[in-house]
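A.B. asks: Pasted the sequence and its predicted model underneath.
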Amino acid sequence: MTDALERLGRDVVGRTRELEIVVAALDADRHIVLEGPPGTGKSTLLRAVAGVLGVGFEFVEGNAELTPARLVGAFDPARVLNEGYVADAFMDGPLVSAMREGSLLYVEEINRVPEETLNVLITVMSEGDLSVPRLGRIAAAPGFRLVAAMNPFDSVGTARISGAIYDRVCRVAVGYQSLDDEVAIVARHVDGLDAAWVEGVVRVVRATRDHSDLRTGASVRGAIDTALVAQTLGALRGQAPTTPGVARDAALTALSGRVRLREGVSRTTEDVILEIWDSVFAPEAGSGDPGKGGAPTGATNSR
């Protein structure tokens, strides 16, 4: 188990505590729900754990269209007409596939799943088996566990998870990572950018989460996209990615759709993003040292 944690530490930035808890819970044959804001690496963490532990992984996207039939599976109508309701005519859904193979069933955004579909999961978690009409009883093979992720209840489109679900899972709270961890995550996705400037971009993104005018801030994905768009936009304009005009346009493109204004705020998301951007980068504009404190290279140049 220690070996697995060491390998996970190379694949996942930070998250040592969460990795230990998830691995321990799975080893104890428990079902798990990871709860946290979007972009905190819940899916990445679970996929990495499944890969390192060498267990199967059935992915299900949680949404209002996930009916019990889509989760469980259904009979092929054409084969039923020719052969009747035989076992071979049944097309396994992700739940049945995971149960037969003893795999992890990963349900993303479980609190967007309709209640009738969740009731199917409750039965399987309680009894370890499932009765399918005209097919019979399916028993979960050893190793089958539900691992799910969910955003906080106040996120748009989410609903409260019933106590019956919470009573059958181990809950792991997943928050945003530290500044250093988020800088390291962005650095894995971009090459050739000034490290201080990348840190500044991460600071901008982190500031959106606490701004008084914003109800929802951006995740580290916003910082990754800002850096990547700045690189390609700079190349298109024949300028450095850290040139103020390039960098600000990249930030607006990457972040304006990710943040949400609070009710009653008359400003635009672009106004808020530029305010935050300038609060991080503009104080250094006149320092004459482009590598200091996160100021972008060429910060005093015009667009």
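C.D. replies: Thanks, I have the structure now.
A.B. asks: Report the mean per-residue pLDDT for stretch 217-234.
C.D. replies: Mean per-residue pLDDT for stretch 217-234: 96.
A.B. asks: what's that stretch in contact with?
C.D. replies: Stretch 217-234 has contacts (C-beta atoms under 8 Å, 6 or more residues apart in numbering) with 37-41, 176-177, 182, 185-186, 189-190, 192-193, 198, 201-202, 204-211, 240-243, 246-247, 249-251, 253-255, 258-259. In short, each C-beta sits where N, CA and C put it, glycine included.
A.B. asks: Just the buried ones from those?
C.D. replies: Neighbour-count burial (16 or more other C-beta atoms under 10 Å) applied to the contacts of stretch 217-234 gives 37, 39-41, 176-177, 182, 185-186, 190, 193, 198, 201-202, 204-208, 211, 240-243, 246-247, 249-251, 254-255, 258-259.
A.B. asks: Helices - which of the contacts of stretch 217-234 land there?
C.D. replies: Counting by DSSP state H, these place 182, 185-186, 189, 198, 201-202, 204-208, 246-247, 249-251, 253-255 in helices.
A.B. asks: Does Ala173 touch Thr40 like I think?
C.D. replies: No. Between Ala173 and Thr40 there is no contact under C-beta atoms under 8 Å: 9.9 Å.
A.B. asks: Where does the record place the domain boundaries for the chain?
C.D. replies: What the record gives for the chain is the domain set 2-173, 179-284, from automatic domain parsing.
A.B. asks: Mean pLDDT lowest where, among the ones you listed?
C.D. replies: Per-stretch mean pLDDT for the domains of the chain is lowest at domain 2-173 (a mean of 86).
A.B. asks: Can you tell me how far Gly245 is from Trp277?
C.D. replies: According to C-beta to C-beta, to the nearest Å, Gly245 and Trp277 sit 12 Å apart.
A.B. asks: the more surrounded of these two?
C.D. replies: Trp277 (23 against 15; other C-beta atoms under 10 Å).
A.B. asks: correct me, but that one touches Ala207?
C.D. replies: No. Checked against C-beta under 8 Å, the pair Trp277 and Ala207 is beyond contact range at 9.1 Å.
A.B. asks: where's the closest residue in space to Leu19 that isn't next to it in sequence, which helix or strand?
C.D. replies: Of all residues not flanking Leu19 in the chain, Leu8 sits nearest, at 5.0 Å (C-beta to C-beta, 6 or more residues apart in numbering). Assigned by DSSP states H and E, Leu8 belongs to helix 2-11.
A.B. asks: which outside residues touch the very next helix or strand once past that helix?
C.D. replies: Sequence-wise, the next helix or strand downstream of helix 2-11 (DSSP H and E) is helix 16-27. For helix 16-27, contacts defined as C-beta under 8 Å, 6+ apart pick out 1, 4-5, 8-9, 12, 32, 34, 45-46, 49, 53, 104, 145, 147, 170, 172, 174.
A.B. asks: make it 10 Å
C.D. replies: Helix 16-27 is contacted from outside by 1-2, 4-5, 8-9, 11-12, 15, 30-32, 34, 36, 40-42, 45-46, 48-50, 52-53, 55, 104, 143, 145, 147, 169-175, 177, using C-beta atoms under 10 Å, 6 or more residues apart in numbering.
A.B. asks: Between the two ends of stretch 21-32, how far is it?
C.D. replies: Distance between the two ends of stretch 21-32: 10 Å, counting by C-alpha to C-alpha, to the nearest Å.
A.B. asks: Please shift the residue numbers so they start at 385 in all later answers.
C.D. replies: Will do, 385 is the new start, and the previous item becomes stretch 405-416.
A.B. asks: What residues sit buried inside it?
C.D. replies: For stretch 405-416, burial by neighbour count (16+ other C-beta under 10 Å) applies to Ile405, Val406, Val407, Ala409, Leu410, Arg414, His415, Ile416.
A.B. asks: try stretch 476-492
C.D. replies: Within stretch 476-492, the residues that count as buried by 16+ other C-beta under 10 Å are 476-480, 482-483, 485, 487-492.
A.B. asks: repeat for stretch 517-533
C.D. replies: Leu519, Ile522, Ala524, Gly527, Phe528, Arg529, Leu530, Val531, Ala532, Ala533.
A.B. asks: Narrow the residues you listed to those in helices?
C.D. replies: Nothing among the buried residues of stretch 517-533 maps onto helices, per DSSP H.
A.B. asks: out of those, which one sits closest to Glu499?
C.D. replies: If you rank these by distance to Glu499 using C-beta to C-beta, Ala532 comes first, at 14.9 Å.
A.B. asks: ok, so what distance separates the residue sitting furthest away from the middle of the chain from Ala473?
C.D. replies: Centroid-distance maximum for the chain: Asn466 at 43.6 Å, with C-alpha atoms, centre = their mean. Applying C-beta to C-beta, the value for Asn466 to Ala473 is 9 Å.
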